[in-house]
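**Q** the following comprises the amino acid sequence and a computationally predicted model.
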Amino acid sequence: MRTRDFNALNDLLFKFVFGHEERKAVTLSFINATLQLEGANAFTDLHFADRALEAEEAEGKNSVLDLLCITNDGTQVNIEVQIQNRQNMAQRSLYYWAKLYQSSLRKSMAYGTLRRTVAINLLAYSFLPQESFHNVYSLYDSAMTHRLTDDIELHFLELPKVRRQDLRNMRRLDKWMAFLNNKLSNEEMEELAMSEAAIGTAWDAIDDYLQDMRRRRRYEAREKYEHDYVSDMQGSREEGRKEGRKEGRKEGRKEGRKEGRKEGLRLGAQRTALNLLRMNLPMATVVTASELSEEDVRALAQEHGISVQ
């Protein structure tokens, strides 16, 4: 029985499964499924850029998985896995897409040689407002009738939006996301692996990785770091809320005293005005002595049934 206790988005584990030449068929299957490429339109081969080779990061470093593949037709496909929401994901994705796109243009080469560049962002959190777990962005005119170029394509895959469904109704991408989400029963996972050979290969690789004690220790250290990071962030936010409430109460008391003084002065001015009005003094005198406006004095007199000059 293959292991079920795994987080497929752990960066070390994901690189081991998806970032090696001997398993490039796994990566091809995932990319083709994401881009919905079938038959003659599907990519048939790829190689990994140097930076996509497995990197055994030191424990405690907060890395982001960045897996760059070059397909048989020259398309650059960058797979980025994000476990924590570090904000500004839209800008981040565009920035890294732009850097990658620009890097494909060598010195003195024509713009026509720029490579089509596709970003696949695999997220362990909800980011976009749409209900679907898969959303694609590219360049269209405002009427959405003409695509300017297919050189830019940004895919967002959000694991929390994956919903259970009958295996018979699943597309290839549905199967991949169900596998990566790892919330099916043992029987369903086995059926999934049998229905898609690349998923079975990926699961075998995960099992192999976690059987190695040295790798498992690094995997577990990475998991611990991520959990500690979340805990620290939650603690910081709670501390911030407590400080905010404390400061708010302090400011509230200060503001209350300030408002109280203002209200006291206002009531005192009204009492002064009423006394002067009852003495039948001229309006100008009442306004000057009370420091109320003539409009306020007249309203006060009317409220208390006092005729004014």
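**A** Good, I have the coordinates. Nothing here was measured: the structure is a model prediction, and the numbers come from that model.
**Q** when you work out contacts or count neighbours from here on, use the C-alpha atoms and nothing else.
**A** Fine.
**Q** now Leu154, what's its secondary structure?
**A** strand (DSSP: H, G, I helix; E, B strand; the rest coil).
**Q** number of nearby residues for it?
**A** Number of residues near Leu154 (other C-alpha atoms under 10 Å) recorded here: 20.
**Q** pLDDT wise, what is it at?
**A** Reading off the confidence values, Leu154 has pLDDT 97.
**Q** and after the helix or strand of the chain with the lowest mean pLDDT, which helix or strand comes next?
**A** Lowest on mean pLDDT, DSSP states H and E among the helices and strands of the chain sits helix 213-278, with a mean of 74. With elements assigned by DSSP states H and E, the helix or strand that comes after helix 213-278 is helix 283-290.
**Q** I would like the residues contacting that next one, please.
**A** Helix 283-290 has contacts (C-alpha atoms under 8 Å, 6 or more residues apart in numbering) with 269-270, 272-273, 276-277, 293-294, 297, 308-309.
**Q** let's go with 10 Å and repeat that
**A** 266, 268-277, 279-280, 291-298, 308-309 (C-alpha atoms under 10 Å, 6 or more residues apart in numbering).
**Q** name the residues of that helix that are buried.
**A** Buried positions in helix 283-290, judged by neighbour count with 16 or more other C-alpha atoms under 10 Å: 283, 286-287, 290.
**Q** what's the closest of those to Phe18?
**A** Nearest to Phe18 among the buried residues of helix 283-290: Ser290, at 81.3 Å, using C-alpha to C-alpha.
**Q** distance check, that closest one against Gly264.
**A** 13 Å (C-alpha to C-alpha, to the nearest Å).
**Q** quick one: common contacting residues for these two?
**A** Contacts common to Ser290 and Gly264, judged by C-alpha under 10 Å, 6+ apart, are Gln270.
**Q** what sits against Ser93?
**A** Counting by C-alpha under 10 Å, 6+ apart, the residues that Ser93 touches are 80, 119-121, 154-156.
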